[in-house]
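In: sharing a model that was predicted from the sequence below.
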Protein chains: 2
Amino acid sequence: MEDELLLMLPGPVPLPERVRGVMARQAINHRGAEFGSAYADIARVLKGLFGTKNNPLVISGSGTAGMEAAVSNLGKGRRTAHLINGKFGERMYTIGQKYASEACPIKSEWGAPLDLEKLKSVLEDGCEVVTMVHNETSAGILNPAGEVGKICRKHDALFIMDGVTSIGGDMVLADEWGVDAAVVGSQKCLAAPAGLAAVTVSDRAWDRIVENPPYYLDLPAYRKNAAKDPMETPFTPAVPLFLALREACLIIEEEGIDNRIARHRRMAGAVQKAVKAWGLDMFPKTDSLHQYSNTVTAACLPAGTNDKDFRGTVKKLGIQIAGGQDHLKDKIFRIGHMGAVSAPELLAALAATEFAVKKSGHQVKESGVMTAAEDLG
Amino acid sequence: MEDELLLMLPGPVPLPERVRGVMARQAINHRGAEFGSAYADIARVLKGLFGTKNNPLVISGSGTAGMEAAVSNLGKGRRTAHLINGKFGERMYTIGQKYASEACPIKSEWGAPLDLEKLKSVLEDGCEVVTMVHNETSAGILNPAGEVGKICRKHDALFIMDGVTSIGGDMVLADEWGVDAAVVGSQKCLAAPAGLAAVTVSDRAWDRIVENPPYYLDLPAYRKNAAKDPMETPFTPAVPLFLALREACLIIEEEGIDNRIARHRRMAGAVQKAVKAWGLDMFPKTDSLHQYSNTVTAACLPAGTNDKDFRGTVKKLGIQIAGGQDHLKDKIFRIGHMGAVSAPELLAALAATEFAVKKSGHQVKESGVMTAAEDLG
């Protein structure tokens, strides 16, 4: 049945039973001790995952709502620059255009390194706010947040980082890197259901927060309510999702952040080795600063096949992987390995994908599944 | 235990077990048949509850996000007028000020009839968009949507109606009344968890939809994605909440809309009779157009007591009722009777409240609980 597919997507991801179970809780008062303690647990764990001392503000909305909150509260009426090497970088630019006095796109090809020289010149020219997608899932590339943060600080610009698909799965050190606003989505590496976004804001960014932000995304209002005891939100929160995210955070705490990041890297390494074994090309163009994503792998489709046939073959085996978006459709496929994913799901996904690779007529060099098993064993 | 309180609030409301249970479903692809069919079920039932032929657009966010979507997409850069007789009317005005070229408040006392003469003069003066809260929970008053709709149409103004706490519990006839945008929240009369808002937009409002709305609240993007087969949302939706809202909608369909409205009116009538039996005053000032709310009852606190003591007594008996907000704190108490509430919960709430009334030293005329039991029996 389609609705029983194993999702190996760059989110949403399969949810541990514990996380799903807590949503069956009867409705509780969202201005009371039980809700407040759930929010406090979330905040404690997310601080570690973000690498920040700042309180994560949780918005009932998707990761995009979190991004719009960051861009509108820091960028309204200002000159913004948007580093772009994939779909979500472009989305940040689109949001920037709605709020900035002038929004400057700094475009690379999807999956190619960011243009940091152009960034420097834009900053020298007086740009005040920079956005970057840390882990660009559309292209499977991990962008150099530390380097960009350093450049932004040097020019006293605010740095907004989309960590929607890195935070909770890969190393993020927001404070050390000079990130002024970081955003995560619940349904990615955190392995919670979709529907919540969390945003942290640095002290220097609070000092420069704009007047008159959008009403629902008014970060100072979230800050004020999160400072209450028990913690609250300015508007009625999606209570079951908070309870689920709390449970997901407790699971992360039990696993340990370092262990969790190491697991994601191990999974990513195994998939990369499988792609190599199949004799296919990885899609992103890496360099000393840009790396393959540790939470989603993007590889080129075998010549002579198309997205529908390829992913259709995988889907018939009960597994859903992702295709390319927009102009990358029919060019790449993507395997998500974020959240709670471990060896069994990964081996199943690689086996089904290997079958599709072979079915496409491509001559595989050797078995990617066995290579991955060797690597993970 | 506090977390086992029976919530008799104007939302969030107790959730039927069926509604809570479906959230434990494993994550599904939100761009697939199962999600699309959940959205379609929601849309079908909500159309009946809104009294409209227009497709409800479901936003992952609270009712406030829905209100901001309506006001920003219809009011940006325009002259708006905001009918106010309570907290949520004021909130609409605050949102209006963020988007309108000029936002005009039309203020009455909280709980007093709206000033429709002032509305007419503002419209004659060229105001283009009007907002009104149908059921003002802060004051327990039901405002005359049909009358306001008629006045708006006469002046060719767009009419935005906050139906957050009426739709699903009281009669709403959006198309017949000339409502151009109506909004509902999931955690009120629909008896679903908090975290979703639904907005419908009339054809004439679509013709006047503004350019460049907020990114996350871009109603044309929601419309475009809802028109797909299977139905989709522009951004990753809060999937468990959609599944829960679908189940809540199926329960509503089983009960029947007319039966559901009749039940809410029966509950409201019983509470009103209890208030009268206690010898307390109802808070709202009604007239031929303005009525007591059928989903929440606001009554004046007995003289000589305060909110903390009064509601504390009720809470010790395991039931949470609402107090007055802002300047009405220590003046009124409010009992929510929306959603799945029926006689047992209502009798429990009235018994605990009656005990608090007596404890305050107020001499009750007769038993409100028995009067309500007689009425409901």
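Out: Right, received. Where do you want to start? Computed from a predicted model, the values in this text were never measured in an experiment.
In: okay, helices next: where are they in the stretch 151-300 of chain A?
Out: Along the stretch 151-300 of chain A, the stretches classed as helices by DSSP state H, counting those that start in this stretch are A:174-177, A:203-207, A:219-226, A:239-255, A:257-278.
In: for stretch A:358-371, measure first residue to last.
Out: From its first residue to its last, stretch A:358-371 covers 16 Å (CA to CA, to the nearest Å).
In: how about the helices of the stretch 151-300 of chain A, which one is nearest residue B:189?
Out: Distance to residue B:189, taken as CB to CB, is lowest for helix A:239-255 among the helices of the stretch 151-300 of chain A, at 17.1 Å. Heads up, the C-betas are built off the backbone N, CA and C, glycines and all.
In: do the closest one and chain B come into contact?
Out: Yes. Using CB under 8 Å from any CB of the partner chain, helix A:239-255 comes into contact with chain B via A:239-241, A:244.
In: now swap in stretch A:201-217 and tell me
Out: Yes. Stretch A:201-217 comes into contact with chain B (CB under 8 Å from any CB), by way of A:212, A:214-217.
In: let's have the helices of the stretch 151-300 of chain A in CSV, adding mean neighbour count, mean pLDDT and distance to residue A:41.
Out: As requested, the helices of the stretch 151-300 of chain A are exported to CSV (neighbours: other CB atoms under 10 Å in any protein chain shown; pLDDT from 0 to 100; distance: least, CB to CB, whole Å):
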stretch, mean neighbour count, mean pLDDT, distance to residue A:41
helix A:174-177, 20, 98, 20
helix A:203-207, 13, 98, 24
helix A:219-226, 18, 98, 13
helix A:239-255, 23, 98, 5
helix A:257-278, 20, 98, 15
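In: JSON lines for these, including distance to residue B:133?
Out: Output for the helices of the stretch 151-300 of chain A, formatted as JSON lines (distance: least, CB to CB, whole Å):
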{"stretch": "helix A:174-177", "distance to residue B:133": "40"}
{"stretch": "helix A:203-207", "distance to residue B:133": "33"}
{"stretch": "helix A:219-226", "distance to residue B:133": "20"}
{"stretch": "helix A:239-255", "distance to residue B:133": "23"}
{"stretch": "helix A:257-278", "distance to residue B:133": "45"}
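In: could you look up the SS state of residue A:104?
Out: strand (DSSP: H, G, I helix; E, B strand; the rest coil).
In: which residues does the closest residue to residue A:36 other than its chain neighbours contact?
Out: Leaving aside its sequence neighbours, residue A:36 sits nearest to residue A:230 (CB to CB, 6 or more residues apart in numbering or on different chains; 2.2 Å). Shown in contact with residue A:230 (CB atoms under 8 Å, 6 or more residues apart in numbering or on different chains): A:31-33, A:35-37, A:39-40.
In: can you give me every residue that contacts residue A:373?
Out: Contacts of residue A:373 by CB under 8 Å, 6+ apart are residue A:347.
In: let's see it at 10 Å
Out: Residue A:373 is in contact with A:270, A:274, A:343, A:346-347, A:350-351, A:367, counting by CB atoms under 10 Å, 6 or more residues apart in numbering or on different chains.
In: and the angle from the helix or strand harbouring it to helix A:257-278?
Out: If you go by DSSP states H and E, residue A:373 is part of helix A:368-376. For helix A:368-376 against helix A:257-278, the angle by axes from the mean of the first three to the mean of the last three CA atoms, to 10 degrees is 150 degrees.
In: what's the neighbour count on the closest residue to residue A:35 other than its chain neighbours?
Out: Once flanking residues are discounted, residue A:35 sits nearest to residue A:28: 5.9 Å by CB to CB, 6+ apart. Residue A:28: 22 surrounding residues under other CB atoms under 10 Å in any protein chain shown.
In: quick check: residue A:28 touching residue B:13?
Out: No. Contact criterion CB atoms under 10 Å: residue A:28 and residue B:13 do not qualify, at 11.4 Å.
In: now list whatever residues contact both of those two.
Out: Shared contacts of residue A:28 and residue B:13 (CB under 10 Å, 6+ apart): residue B:7.
In: quick revisit: what's the closest of the contacts of residue A:230 to residue A:205?
Out: Distances from residue A:205 to these, taken by CB to CB, are shortest for residue A:39, at 21.3 Å.
In: verify the stated contact: that closest one with residue A:225.
Out: Yes. Counting by CB under 10 Å, residue A:39 touches residue A:225, with 9.5 Å between them.
In: coming back round to it: to residue B:319, which of the helices of the stretch 151-300 of chain A lies closest?
Out: Of the helices of the stretch 151-300 of chain A, nearest to residue B:319 by CB to CB is helix A:239-255, at 18.7 Å.
In: so the closest one versus helix A:257-278, what angle?
Out: If you take the same axes, to 10 degrees, helix A:239-255 sits at 90 degrees to helix A:257-278.
In: how far out from the middle of the chain is helix A:239-255?
Out: The chain centroid and the centroid of helix A:239-255 are separated by 17 Å, computed with CA atoms, centre = their mean, to the nearest Å.
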